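1. Compute the structure for the input listed below.
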Amino acid sequence: MVSQLENLDSLCNSLENAKNALASASEEEKPSKRQNVNYYEDRVKSLESSIDSTIASINGISVSIQDQSASFSTSMATLKEYNSLEAMKQEFLGSIDDNSWWVDPAYATKAKELTVFDNTTGKIYKEGDSFDMKVGETRILTVRVPHNAGHVRRVIRTTADGSGAYRAGNIVTGRSDIDPNPNNIEFVNYQYNHFPDEKLLNTISYDWIITATGPGSCTISQTCEYKVTENGGTPKAMVDIKVNVTS
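-> Predicted coordinates for the structure are as follows:
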């Protein structure tokens, strides 16, 4: 309960900051700032529901050893599932300093494909895959920079896009987020001369925030361009994934 309440306090502060940013935003900035507010409102609502469940569990605790053991087992199962997802994600991403980075001699003639990790399910998606969502749900996919074009020196483009149905905005919205700070959603795109803090660009991954807004199906896409240390080149990688949204 203490941990949940601390998380709720942090989320409420983030929500308040997002609301303040919306209030002072220009008309052009308001759609993006409103999405931030909606995102944190959904997270606060979800955590409040979880806290209510925890309170109910606490109120129902018996002095019997059997009931306490059952509660402990449930908590441990939840913790194990969380740790498993974190371990899977770390294994998927690797490290910017590990030995998995190399230069494929045929890379220039190959399709440059991104792969992504679903932080909700632990599944890994690649070109042509699909997944399901519910209206109102937000899913965070972590994009991994390809390992076969050399060591990443600097990410210079993160672009969330999609099919015509996606661009209409009636099924899902998507944003790239290279800033690990949950209070700040940031992208980088050299084509528009949009560069955030330089220290954020030396990374091997970033998040792709997908929010389901209405029922239907569409294709979402992510494009990443980056500089590598081996030859000063600028590889470009992409991925297309289909999203099916139901009410």
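
2. Would you mark the buried spots in stretch 41-50?
-> Across stretch 41-50, burial judged by 16 or more other CB atoms under 10 Å covers Arg43, Val44, Leu47. (C-beta placed from N, C-alpha, C; glycine too.)

3. Out of the residues you listed, flag the one nearest to Ser95.
-> Arg43 (28.4 Å; CB to CB).

4. tell me which element the closest one is part of?
-> helix 30-59 (DSSP states H and E).

5. Next: Ser217.
-> Per DSSP H and E: strand 216-228 holds Ser217.

6. What does the pLDDT read for the residue nearest the centre of the chain?
-> By CA atoms, centre = their mean, the mean C-alpha position of the chain lies nearest to Ile140, the distance being 2.8 Å. Among the per-residue scores, Ile140 shows a pLDDT of 96.

7. how near is the closest residue to it other than its chain neighbours to Tyr125?
-> In space, and not counting its chain neighbours, Ile140 is closest to Asn119: 4.7 Å by CB to CB, 6 or more residues apart in numbering. Applying CB to CB, to the nearest Å, the value for Asn119 to Tyr125 is 12 Å.

8. Return every residue with contacts to both of those two.
-> Here Asn119 and Tyr125 have Leu141 as joint contacts, going by CB atoms under 8 Å, 6 or more residues apart in numbering.

9. still on that earlier bit, what pairs with the residue nearest to the centre of the chain across the strands?
-> With DSSP bridges as the criterion, Ile140 is bridged to Ile209.

10. Offset the numbering so it begins at 54, please.
-> Sure thing, new numbering starts at 54, so read that last one as Ile193.

11. Who are the contact partners of it?
-> Asn172, Thr173, Asp260, Trp261, Ile262, Ile263.

12. Which residue ranges of this structure form strands?
-> Applying DSSP state E to the chain gives strands spanning 168-171, 177-178, 183-187, 191-197, 205-215, 225-230, 258-265, 269-281, 289-299.

13. Could you list the low-pLDDT ranges of the chain?
-> For the chain, applying pLDDT under 70 flags the ranges 115-136.

14. Could you give the number of residues near Glu166?
-> Residues within reach of Glu166, counting by other CB atoms under 10 Å, total 14.

15. tell me the contacts of the closest residue to it other than its chain neighbours?
-> In space, and not counting its chain neighbours, Glu166 is closest to Glu180: 5.0 Å by CB to CB, 6+ apart. The contact partners of Glu180, by CB under 8 Å, 6+ apart, come to Ala164, Glu166, Met291, Val292, Asp293, Ile294.

16. Isn't the last one up against Ile263?
-> Translated: Ile294. No. The criterion here is CB atoms under 8 Å, and Ile294 misses it with Ile263 at 9.1 Å.

17. Determine which of the strands of the chain approaches Tyr243 most closely.
-> Using CB to CB as the criterion, the shortest distance between Tyr243 and those is 4.5 Å, found for strand 205-215.

18. just how off-centre is the closest one within its chain?
-> Centroid separation between strand 205-215 and its chain, computed with CA atoms, centre = their mean, to the nearest Å, is 14 Å.

19. buried stuff in that strand?
-> Val205, Arg207, Val208, Ile209, Arg210, Thr211, Thr212, Ala213, Gly215.

20. gap between the first one and Ala71?
-> Relative to Ala71, Val205 is positioned 30 Å away (criterion: CB to CB).

21. ditto for the fifth one
-> From Arg210 over to Ala71 the distance is 26 Å, taken as CB to CB.

22. and if you look at the second one?
-> Note on Arg207: its distance to Ala71, by CB to CB, is 29 Å.

23. try the fourth one
-> Using CB to CB, we find Ile209 at a distance of 27 Å from Ala71.

24. Same question for Arg197.
-> In terms of CB to CB, Arg197 sits 28 Å off from Ala71.

25. Which one's more surrounded, these two?
-> Per other CB under 10 Å, whichever of Arg197 and Ala71 has more neighbours is Ala71, with 22 against 19.
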